[in-house]
Each structure stands twice: as C-alpha cells, then as structure tokens.
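> Sequence and predicted structure are below.
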Amino acid sequence: MADALVLHEDRCFDPDPATRRAARSLYEETRHLPIVAPHGHVDPRVLAENAPFAEPAALIVQPDHYILRMLYARGVPLEALGIPRRDGQPVESDPRKVWQLFAEHYFLFRGTPTGAWLEHELHEVFGIRRRLTEETAGPIYDEIVEKLGSPEFRPRALFERFNIEVLATTDKASDTLDWHRAIRDSGWRGKVIPCFRPDAVFKIAAPGWPAELDALGREHGAPLVDYAEFVRALEDRRTFFKRLGATATDHAVLEPYTTWLSPDDAEVLFQQARQGESSRADERRFEAHLLMEMARMSLEDGLVMQIHPGAFRDHNRSFSEQFGPDRGGDIPVATEFTRNLRPLLNAYGNDPRLTLVLFTLDESTYSRELAPLAGHYPAVRLGPPWWFHDSMLGMMRFRERTTETAGIYKTAGFNDDTRAFCSIPARHDLARRMDANFFGDLVARHVIEMDDARRMARALAYDLAKETYKL
Amino acid sequence: MADALVLHEDRCFDPDPATRRAARSLYEETRHLPIVAPHGHVDPRVLAENAPFAEPAALIVQPDHYILRMLYARGVPLEALGIPRRDGQPVESDPRKVWQLFAEHYFLFRGTPTGAWLEHELHEVFGIRRRLTEETAGPIYDEIVEKLGSPEFRPRALFERFNIEVLATTDKASDTLDWHRAIRDSGWRGKVIPCFRPDAVFKIAAPGWPAELDALGREHGAPLVDYAEFVRALEDRRTFFKRLGATATDHAVLEPYTTWLSPDDAEVLFQQARQGESSRADERRFEAHLLMEMARMSLEDGLVMQIHPGAFRDHNRSFSEQFGPDRGGDIPVATEFTRNLRPLLNAYGNDPRLTLVLFTLDESTYSRELAPLAGHYPAVRLGPPWWFHDSMLGMMRFRERTTETAGIYKTAGFNDDTRAFCSIPARHDLARRMDANFFGDLVARHVIEMDDARRMARALAYDLAKETYKL
Amino acid sequence: MADALVLHEDRCFDPDPATRRAARSLYEETRHLPIVAPHGHVDPRVLAENAPFAEPAALIVQPDHYILRMLYARGVPLEALGIPRRDGQPVESDPRKVWQLFAEHYFLFRGTPTGAWLEHELHEVFGIRRRLTEETAGPIYDEIVEKLGSPEFRPRALFERFNIEVLATTDKASDTLDWHRAIRDSGWRGKVIPCFRPDAVFKIAAPGWPAELDALGREHGAPLVDYAEFVRALEDRRTFFKRLGATATDHAVLEPYTTWLSPDDAEVLFQQARQGESSRADERRFEAHLLMEMARMSLEDGLVMQIHPGAFRDHNRSFSEQFGPDRGGDIPVATEFTRNLRPLLNAYGNDPRLTLVLFTLDESTYSRELAPLAGHYPAVRLGPPWWFHDSMLGMMRFRERTTETAGIYKTAGFNDDTRAFCSIPARHDLARRMDANFFGDLVARHVIEMDDARRMARALAYDLAKETYKL
C-alpha cells in the first residue's frame, strides 16, 4: 500500500548482494547492543521529572533545528510553526496546525537524515504504520497523543525501552546540576551524566558574558575578581561535574586555535573583559589560551576533552534576533587543525592522560588533517561525523576518508548529539547500519575477514564510545 | 563491431541490477521531457539568422574550450586547430585538417564528459554510427557536412527537434539584444531569452572598462558621469532585458565577496575608475558593493540572481594574450561563501522576492557551506554542478553532498551552460541519467519509495528549473 | 581456517559482478607487467652491497613510518619498538620482542593500506600462510629469518624476482652517489638510478643549512661564496646526477609558492643565510625563487621536475627531537596551487621541454586545482595519490576526481614512494588493481569500451610512468 509506512529490514545497505549479505550479518551483531550516548543535548529535567511528553509538535517539530531550518528555507515562517518571537508578537499557538503544516511539507525531507530519523521514530517508538502526509497528519497526531498519555511513554520508560546504558547531557559551567542530582536521588537506575561545557564564560566579547561570569562566581561561591580565581572556579566546577558523573568537557569554537598566554596577558585580557572592553580578537586569544588550560586540567582530573569547531553561529542576524540561537541558522566555515592545534598537541598530545576528541563540519579535513593527527598523537580521537554530516552518506564519507589513515581504533564510536530524546534509537540505528555496511563492503572486497569485521563493528557500535569517554 | 559507435541504453547507470532497474525506470519518466535551458552561452544570432552551420571543425572543435584545453595540454598547438592568433600570424585554415587532428587525439577524451557529449551528439544529432578515429575522421566529416546542408539541420529545426522549451543566452549589459528582437520579430515560436550579465562594467581595474562603460552609456542614452547615473543605467538595462524576456542576471566573480559601501565611497571609487586609477582592491570592493545593488534591484524587478565565483580567468598570461579568453585557460581557486555572502544574505536572504542561485568550482564547499546556506536562507538555491564538475561523477558528488542537508527542492534543476548548441541534448541527457541513478540508488537502499523518486526525478529534470528561473 | 593468510584473487575489486568481471580481466593484462618505480626511497646501498637483510623487525617494522605512526598513536612507545633515541637512552634491543609487540597490535592495521601491503609482502615475498597474531608472531619471525638467509632473498635476487625494470632512489644534492656507481660498476644488470633532491640546501632558515651548504660546496669542488656559484653548483650536480642515470628532480615544500627574485635580492638572501640570519619568510621566498631556477634548468637538462607540497614536517616537536624525522610525525596542511604556481607556469608551463609532476596531500585540490592545471598546461602531469592517500580508497578518489577533467594521459602512472623494498610489489599490485577496478566500473557503466579500457589500464600500469619520467 502506497500509504504504508514500512521500515525495510535492509534500508541504507548497499544494494550489491555480497555487500548487503555481509552488512546484514554484521548489523545483526550490533543492532541490539545497549546505547552508549556520551554526547547529547537532552534536557535532564525530562528524566528528572519523568512527566508525560506534551504532544507531537512540541516533542518532534519545534525543538528540532534540522526541521525548522528546512521549512524556513522553503518559505515557511517560524511563526507559523509556533516558535516564539523575542519581540512578543503572536505566533501560532495550535499545535495541531503546526503538525499539519509540517506534514504538508514533509516531502522536503525525502532523502535526508531528518526523514530517516523521523520515520524510524514514528514506526519504532510510536508504532505508526502510515506515511505522514497532509491527509494522515491529523490521525497520526491523535495516535501519538494517545500513546504519550500512557505510562510506557514516560521518559524513563522510554529510556529503558531504548536500552540506553548511559546518556550524557551538556551543561553550562554555572549549572547547578540540580536535575542531575534529582535523578540520582530518585532511586531510578538510569545513568544520566552531565558534561562540562564552559563556552559561555570563555566568550568575553559576547554581550552576555558579564552575566555568565556572575553566574559562575555564584556557583563557585566567590567573586571572580581576577584570572587566577576564574581558573580556580573552572577547576572547582569540573570537580563538581565529575562528582555528578561527568567524564567529559565540550568546547565549541569558531576555529580550533590554541596558544599559551603569559599569566600577565591572561590577567590583562580578563580585566579588560570585566570592563566590557573586549574585542573579537581578544576573545579569540582568550579562548585559545583557555583551551590550553582545559587540556592541562584534563591531565589532572581525567575529563575527556571535546572540541567542536567550525560553526559560524547565528549567521542570519535578524533571524537570530527574533528567534534566538539553535533554530537552524548556523553555517559552517572552512577549518584548519594542523597549525591551530599544534601548541596544544605539542604540550599535551603525547600524554596518555589526555583524550582529545575532535569533530569537524569541514569534510575536507577528514583525510587531510584529522586522520593524520589521530594516526599520530596518542591523545587524539576522531569524533563521529557531526551535525550536517550525521547522515547515511556523511557517515560513509567519514569512514572512507579516515579509516585508511587512522584505522577505526582512533575513532570515538558514535554519539547522537541530539536534543530529540525520541530520536536517539533512530540515530544509533543509522550509525550501526552504516558501519555494518562499510565493513560489509570491505568483506565483499576481501580486504578484511568476516571475523575481524564482527569485532570492528562491535567496537564502533559500543566498545569505542565506552573506552574513549571512560564510561 | 569494434568500430561501431553505440550508445548503450544503460550508459552511466550503476551496474548493480537493483539500482539500474530503478534508474532505468526513473529515466524513462524524464528522458522525453522538454528541455528547459535557463543558463547558457549559445549565440542568439545563430537562431536569428537560422543559417546552416558551417562544418564540423567550426561547429564542434573550435568553439569548445573543453576540447581546446585538453588538446593543448597534450601538446597540440592551438594554431594547428585553426584558432586565430591576436598577432595575426597564420594558423591552420583547412577545417578538414583540424578535424583530422582532433580525431587523432580523440582517445584523450575517453572517460571524460567531453567524450560522452560528443558521442551523444554524433550519434543522436548527426546519426553517425562509427567511432571517431584517425581512419574514420574523413568520412565522418563528410557525413556531417552533408547533413548540415539539409533543412532539418538548420538551427531552428534542431531547436525544435531537441524539444527545447526555453533557451536563455548570456548577454552583456550594453548588448542591444538586436538578435533577440530579430527572433521575436521573425514569427518563429521558439522561446529564446536573454540573461543580464553586467560583469564587464563592474571590473573597474580592467583595461577595457572605459570602453565597456561608454557602451553602456550609449545604450542607456546618457553619459555615465556619476555613480547614481551608472546605477540608473543598470536599472534601466535590467528593465530592457526583462522586456525581452529575461528572467535572470548572472555574475562571475573571483570570490563572492559582498559589502555595502556608503554612497560617498561608491562615488569616489566610480570617479577614480573614470580617471583610470582603480586598483584590484578597489575593483574587489566595487564588485562586492554592486552585488548588493544587484540583489536590491532583484527585489524590485524580480530577476533571479546567479553568482558564479571561483574561476581565476586567463591564468596563462601569454596564452591568453595570443588566443583571447575562453580557450580553456581558466583555473579554479578555493572559494569561501559563508563569510563573503553574509552581508548580502543578511540584507536580502530572508526576502521571498529574491532568488539567488549559487554555483561553485570548489567541491569542498558543497557540504560545508552551500548546502547549509540553501538549507536555511529562503532566497538561496544551489545551481547544478558547473563546468569542470558538469560530468557523470561530478553530478554524483553534487547530489551526494548536498541532498542530505538541503534536499533537492532547494536546488535549481539542471542547466547546460554551453556555447555548443548541438551538445545541449547530450548534456541534459547525462544530467537526467545521473539524477535517475542517484534516486535509483536511494530506492535500492530503501531510503525513498519509487513513487517519491518519480516525482523527485521529474522535479530535477524539469519543474525546478522552471520554478527557480520563473519560466 | 580462520588462521590462514589468504590473498583472495579478487581482493579490492568492487563486489558488483559486472564491474568485477571487467576489473579482473583488465588486471590480468597488467599484473605481470614489469615494475617501473620512478620515485622512491630505497637505500641504494642495499643493492650495491647485496647483503642479506637482517631480520623482520629491522626489515619491516622499524623503517616504516606508517607502522610507527599507528602504534605510537595507540600508546606504544617508540622505545619499545627499538627506535633509537637521540639522547642515547636505552631502547628495546631484542628484535623478536619488537616483532611480537607489532603482532599484538596488528589488529590496528585492519582495513588500512599498511595491512594490505604487509599481507601481500608476507604471502607473496615470504610465502607465509598464517595470519600474523600474537600467537603466530614467533613462528612467522623464524620463517622469515630462515628465508632471509637464502640467496634467493638477497636484494638483487628479489629485485629480479619483483620484475623491476627501473628503480629510482632519492638523493641529496651533495650525495656522492658512490653506491649508485658501485651498482653500475658491479656488472649487475639491474637498473637503479638516482633522483636529485636539493631541499636541504634550499631551507636557509634550518639550523643544518650551513653544513648542507658546505657539503654541497665540497662535492662541487669550490666554496659557495655567492649566489651565482651556488646556482652553478646546482647545475653541475644536476649534470652529475644525470650522468649516473637520473631523469628527475624532487622538491618537498610546505607550499608550492613560486616567484622570481631579482639577482640582487637572491644574492642578499643568500648572504644573509650565510650569516645565519634567515627568517622563515626569507626561506619561503628563497625556495620560491629556487623552484623557478629548477624549472629553468629543467628546460636545459631535461630533468623531470617533481613538487611534493603540503606536509608540515615534524609537527610534534618533542617527538622529533627524540626520534628524528620520518617517524610518522608529519601532518598535512591545506595547499593552494592555482596562485602559487602561476609564476612558474607562466614562465615555463607552455614549454614542451618541461615536465612538472605535481603531488598533493590535500584531496580537495584534485578536482579544484590539479586536474584543471594538468588539463591545460602542457608541462603539468599529476603524480599518483601520495602517502596518506596511497590506498585503496585514496586511489579511487584520485581517479574519480581527476579523470573527467584531465583524462588519464596527463597523469604520471604509479610510483610507490617507499623505503620498504620488499613492499614494492604489494604497492604496485594495489595500484594496478584499483586502476583496473576504476576502468572496470566505466566499462560496466558503458562509458568506455573494453578495448579502450585495456589500453588505458596498461598506460597507467606501465607506459605513462616511462613516458613521464623519460625512462
């Protein structure tokens, strides 16, 4: 039936029979392994409160920047999708209308990862058996709403159904981690851990920096009057995060520039920032220096360091002003790793205590810079294909361009990097399929043996994420 | 027979049977659709005069920079191909010898798009059934000459046989468009439209700029004594082009840099240019500002804006001096879009009245910058793979690296961008095959359903070009 | 048997039956052709002395920067692999332990070219029939040791068994070429030729430059007191190399920047260098100018010029200080060719006497810059995929991204670029397989005919290397 939503058992596998046979067999080994999710953006409150999810528009459409981006790009105003405006002007408030509008534009997502994730989520999580169209939008909405009301669709029940072994969130340096504490104190056995992401207190040229600094000082328990105290606050917060289970830090930067400042220079930059006199150039140096400090601290506290460079945030100024960040208006730029990371790698890259996971939005760096760096420095691991590249073909390109130089054992396994809790299984499933397919192709080409392929597929689906992130 | 020229029905399709079966079926849907050619370089005079084409060397070899380039690169002097030298020294004047020389080097084109286009043209347009070799060159020459003499091979007859629904040319800002008027006035029903390409009057550091400015002033009917008058002239010319059917403008720049100048700064640059005192840096700023002006005018007159950046023109100085531009001596450079286009996109990219089609010669920008830009800004569309990348594998790479982020509905369909009138069907055929093959692969991987694939293949072959270019 | 080391007849070929059938047939044409090795790093002393190779660790593990790199990256100290430290601290001296350690980590190389080469070498050169594992390491070590003691495993016997028609080494400008002379004088018929690589005397900012200059002066027979004498020394040494069979020069640079200095500027830079006052910027200009000089000399003496840009050497400072260069600590950087090479190509690129072979570590330049340059300038040839890209998928990418623009006849055939003598057949075999597979795919897609494919496969495996390097 043309209207039936069917997830084909072999979806995404290469159609060649030899490859497909091998891929299928490898996927059978990994498909039911527990999910290790060491990097993501799920709100811990969801699992702390364990309240029912609201309804499909709020659950699926509105928080997903992949969906908003594409709809906006084809002329759908975010107001019509119920995204609040900062100026308070009215936006669509009927979630059924939002869902309907999404369904009418669903054809835009054919052949995209958003489409693949959504269909998996609808089919596997919500048991939907009809394709989403203008006509079926209403009934599917109702079906999901009904399910969301039942206990099996509460967040913790889904967490267990999804077979998540560990889920990391991403949290500001000044976060109280109250929701994480609440989860721990609740007696529930699900493992949810924070990740230390101090970006906001590094961006000294941002208008919001003073408030971020104040918040950090408040949590630290002492005013951050000089650079030394600022560094102490960061160290203390890392310790606090670690106590609540954190095993990693995360750093988003425009470019992965690293450099040591003298103590005097760092102090001067910090004091200028407190006076509100920091330029973009100051910020660039300050961030570069703080990446060095972060690596240094990692040697001591063992937190895994992640760098996510290359996103020009809020590229569309008026759009960001109306709708805020993370609505799909970030655009990648070319990224340089070899020279930018040299100071950090020369200082700490040979130290077995450091694990540095590198991500990129610039695929030309996979074979040129990242695989060679990971294939030499003991500290470096390659993060999985990220964001725009977390897709069927994006994953293929990543493996094809990194494996021959870095092997698979210098990669970090998969992480889903998602805000969308219900899409977690879909994302891991796609990654497991594509890795099975990659090895299936190597088996069909007689480049590796099936028994090795099995071990390698398992490593990518499970072992390497645990090893890399010390879970 | 080893000598037979055969166009295999399945050429270019993936050999995997499942993919090929789907690709073939999708191609059947699109192969006979009319050709929409919204961007190209056919001389309108050809269709205005409708005179018989001369002979094979002048028709096929001499105007094709792909052919000249490759022959020159293997040591064939352009003089031997009958390309006139600017210094007036003699060159080969016997077209049969030129054709023969081409045939002797034809092996160089095996596996290249030039080879694919040529074989399609020979087979489908001229009914040649022998492969072009040293031995067959003469007889094939005669066969083509004979055909060219018959009425069915006049340009307009071919236009109709090719099933061209609309053909856009590319014309200077100062062009009188007399040939376009002649076509309109002739009563012939073929639709041939101009495209406004004002590059020559933007390049204020070029030696030929004063002459170009004069020509523009002449057509405008008033001397261009200040910047304001210059802008009025551009506005008027756009209106004039639009009256003759134009729906688009085209802009070739080294980098897609955009910035607003103050009125004073623009005036100063303009007056310096009139004094012959412009540097390359001045030109860069002037062009960047005029791209902003062009976008602004597009909001008003609705002309679709195309930007073709990244070709370092006339890289080989002595070669260009002898043989002029467009002989195969242009070389691409790395191109940056994210930062360069931000001013323009921040000003106009959210406006539904603007359509901005972006092309690139730097494939690393497909997934890094172009697909994300098209997947966010309502105004942006991705042009098809251009020039060096208008090829079997180039088209694959384009779809593979843009579809998952931008989908297909933010791409502009195909355009052939060719001077070579008789190669138009070959180029569209190759594009239709490769798009059918791309979707065929997705069907065989169970990523999209066949019925969706059909709609998508048709969109790429026909609908999207019409929609994007407002045809 | 899971433990058996088997080289499948079809390894690396696409699993699609049509492609594989064609690939196999094409490979049958080329697999037994003699090996032409115009660029490599085998020590000529090995063939001059013709002494037995020592044992597996010294033969296979310790000189291979691909192996060292990966083991180091996973935490194996080079000391444990018996690599000498510059500070004289003790390192592992038992080669059996080194071999055992390598075997224990051999899983890291699954799916990498190092793994493919090693298995070919073990199987084909040494007749090993068991996979290398922790358990089999000892017995395999013994098997190889035993073989190395027999006359058939002496270097010259292997050279003949490998069917090497010509082998080029790489030699400093000041090299006496005594080993090359010894080979010639020995009466052995194997053809081993030097290649002129003067990098060390171009790098005027390097601490070792004065010693390198002295060595050059010594061989030249006159002190190099001014730039003119320096250039004469280079000219003379080229002549000397040529007399001993050299047909090429080789130049490793960070970026392929070229520019003409005035005679005065060159003299000033040279004298500053002699005073030990050269900066990196001086060196950059000096190298750029010397590349121009090298091209000029090539017009006169006919030596083929090779440029290998884009490796940031000794990226890991402390590692290089302890273990010296070429241990796997070099990392690529983005490379620009179009603008950088323009002065050289404008001066000499149209001259049929120059052959300029370009290599890259930046794959984004294949389709963007290198193929267009080779597809226009008569002098330019594309070198094969280099170093990190000399691999199954790396070779695919190279062909896929260069063939459509430059064809295959502007590429230089294969070269193995290796220090590891016993891996030479493995490397050429892999290249022949991948080229057969590339053409096999084009045949299966009906893009080229089988008879053309045969000629093209043979050209890549044999003819083009001989033609390009004038062998």
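Yep, that arrived. Residues are numbered from 1 along each chain as shown, chains lettered A, B, ... in the order given.

> How is chain A divided into domains?
A:17-51+A:152-468, A:52-151 (automatic domain parsing).

> starting at the chain centroid, how far to the last one?
Translated: domain A:52-151. Here the centre of domain A:52-151 is set off from its chain's centre by 21 Å, with Cα atoms, centre = their mean, to the nearest Å.

> same check, this time on stretch A:270-289
Distance, centroid of stretch A:270-289 to centroid of chain: 27 Å (Cα atoms, centre = their mean).

> how about the CA coordinates for that stretch, as CSV?
The C-alpha coordinates for stretch A:270-289 follow below in CSV (Å, rounded to 0.1, in the frame of the first residue of the first chain):
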residue,chain,number,x,y,z
PHE,A,270,40.4,39.1,31.9
GLN,A,271,40.3,42.6,33.5
GLN,A,272,39.5,44.2,30.1
ALA,A,273,36.7,41.8,29.7
ARG,A,274,35.4,42.8,33.1
GLN,A,275,35.4,46.4,32.0
GLY,A,276,33.4,45.4,28.9
GLU,A,277,36.3,46.3,26.6
SER,A,278,37.0,43.0,24.8
SER,A,279,37.3,42.8,21.1
ARG,A,280,36.7,39.7,18.9
ALA,A,281,40.5,39.4,18.6
ASP,A,282,40.8,39.5,22.4
GLU,A,283,38.2,36.8,22.7
ARG,A,284,40.0,34.7,20.1
ARG,A,285,43.2,34.7,22.1
PHE,A,286,41.5,34.2,25.4
GLU,A,287,39.6,31.2,24.1
ALA,A,288,42.8,29.8,22.5
HIS,A,289,44.5,30.1,25.9
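
> Give me the contact list for it.
Contacts to stretch A:270-289, defined as Cβ atoms under 8 Å, 6 or more residues apart in numbering or on different chains, come from residues A:202-206, A:209-210, A:213, A:226-227, A:230, A:253-255, A:257-261, A:265-266, A:269. (Glycine included, C-beta is placed from N, CA and C.)

> mind running it again at 7 Å?
Here stretch A:270-289 makes contact (Cβ atoms under 7 Å, 6 or more residues apart in numbering or on different chains) with A:202-205, A:209, A:226-227, A:230, A:253, A:257-261, A:266, A:269.

> Now do the contacts for A:Tyr409.
Contact analysis of A:Tyr409 by Cβ under 7 Å, 6+ apart lists C:Arg74, C:Leu108.

> secondary structure class for it?
Three-state assignment for A:Tyr409 (DSSP: H, G, I helix; E, B strand; the rest coil): coil.

> for it, phi and psi?
Reported as degrees, to the nearest 10, the phi and psi values for A:Tyr409 are phi -80, psi 0.

> Give me the local confidence score for it.
For A:Tyr409, the pLDDT comes out at 98.

> ditto for A:Asp3
88.

> ok, back up a step: identify, out of the domains of chain A, the most deeply packed stretch.
Mean neighbours per residue, mean count of other Cβ atoms under 10 Å in any protein chain shown, is largest over the domains of chain A for domain A:17-51+A:152-468, with a mean of 20.

> Can you identify each of the helices in the stretch 201-350 of chain A by residue range?
Using DSSP state H, counting those that start in this stretch, the helices of the stretch 201-350 of chain A run over A:209-220, A:227-243, A:263-274, A:280-301, A:317-323, A:342-348.

> A:Asn316 is in contact with A:Ile331, correct?
No: with contact defined as Cβ atoms under 7 Å, A:Ile331 does not count as touching A:Asn316 (8.4 Å).

> quick one: common contacting residues for the two?
B:His376.

> unless I'm mixing things up, A:Leu373 is touching A:Val380, no?
Yes: A:Leu373 sits in contact with A:Val380 when judged by Cβ under 7 Å, with a separation of 5.1 Å.

> what residues does the stretch 301-450 of chain A put near chain B?
Counting by Cβ under 7 Å from any Cβ of the partner chain, the residues of the stretch 301-450 of chain A close to chain B are A:312, A:315-319, A:328-329, A:331-334, A:361-364, A:388-389, A:391-394.

> Now A:Asp463: closest residue in space that isn't a chain neighbour?
Computed as Cβ to Cβ, 6 or more residues apart in numbering or on different chains, the closest residue to A:Asp463 that is not its neighbour in sequence is A:Gly413, at 7.3 Å.

> Likewise for A:Asp314?
Per Cβ to Cβ, 6+ apart, closest to A:Asp314 is A:Ser320, 3.9 Å.

> repeat for A:Arg45
A:Arg45 sits nearest to A:Trp179 (Cβ to Cβ, 6+ apart), 4.7 Å away.

> separation between A:Ala266 and B:His180?
According to Cβ to Cβ, to the nearest Å, A:Ala266 and B:His180 sit 66 Å apart.

> Confirm that the residue nearest to A:Arg45 sits in a strand.
No: using three-state DSSP, the assignment for A:Trp179 is helix, not a strand.

> isn't it right next to A:Val46, touching?
No: distance between A:Trp179 and A:Val46: 8.6 Å, which falls outside the contact criterion (Cβ under 7 Å).

> pLDDT score for the residue sitting nearest the centre point of chain A?
Geometric centre of chain A, nearest residue: A:Asp417, 1.9 Å, by Cα atoms, centre = their mean. For A:Asp417, the pLDDT comes out at 97.
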